[in-house]
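Novice: mind folding the following:
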Amino acid sequence: MSNPLVIDAVPGTSYADITREFEAPVEALFRAHADPALFAQWIGPGEERTEITHWDFRTGGGYRFVQRDGSGEYAFRGVFHTVRENELIIQTFEFEGWPDEVSMDVIRFESLPGGRSRLADHSVFPTVEVLENMVAEGMERGMREGYEKLDAMLAQAV
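Specialist: Have a look, this model is predicted:
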């Protein structure tokens with residue numbers, strides 16, 4: 001059984017607080033976000049294949065990736081505003097299918113006892129409607145399935 005994904009999105013607000021614990025040390029969790037080959041293995045729903053088309057993981061860098069499934073192709077891009085190893089990523093996130101609707105994510109990596117870790121993401125969207133659209137389009141499913149793939153990947157690395 002995997003750890004629960006908690007998405008706290010208060011109706012009428014344009015932000016969501018997302019938390020998830022992992023049975024792996026914070027260094028492994030951070031590396032899975034920093035290394036493009038690892039990131040491509042777990043990001044998104046189970047059936048999607050991810051291709052990294054740009055990856056400059058550093059403060060001031062950026063990224064772009066494309067996900068494909070039987071229904072089509074979905075591209076995402078953003079800027080890494082701040083990167084502090086094993087501690088923090090502040091980044092933008094934009095689905096290219098909804099241009100100009102950019103969210104800001106503050107992702108914190110926390111060490112827990114027993115070699116475990118917690119990811120805490122505060123995502124701020126430009127409007128209430130954008131957050132509601134993300135939720136309606138399957139944000140929870142995509143994150144949950146992606147983190148389940150991440151669990152499996154982290155378990156193999158330990």
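
Novice: quick one: least confident helix or strand in the protein?
Specialist: When each helix and strand of the chain is scored by mean pLDDT, DSSP states H and E, helix 128-136 comes last, with a mean of 90.

Novice: can you tell me what sits against that one?
Specialist: Ile7, Ala9, Gly12, Thr13, Ser14, Tyr15, Ala16, Trp98, Glu101, Ser103, Ser123, Phe125 (Cβ atoms under 8 Å, 6 or more residues apart in numbering). Where you see a C-beta, it was placed from the backbone N, CA and C, and this is true even at glycine.

Novice: try 6 Å
Specialist: For helix 128-136, the surrounding residues in contact (Cβ atoms under 6 Å, 6 or more residues apart in numbering) are Ser14, Glu101, Phe125.

Novice: quick one: buried residues of that helix?
Specialist: Buried positions in helix 128-136, judged by neighbour count with 16 or more other Cβ atoms under 10 Å: Val130, Leu131, Met134.

Novice: adding distance to Glu23, write the contacts of helix 128-136 out as JSON lines.
Specialist: Output for the contacts of helix 128-136, formatted as JSON lines (distance: Cβ to Cβ, whole Å):
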{"residue": "Ser14", "distance to Glu23": "32"}
{"residue": "Glu101", "distance to Glu23": "34"}
{"residue": "Phe125", "distance to Glu23": "30"}
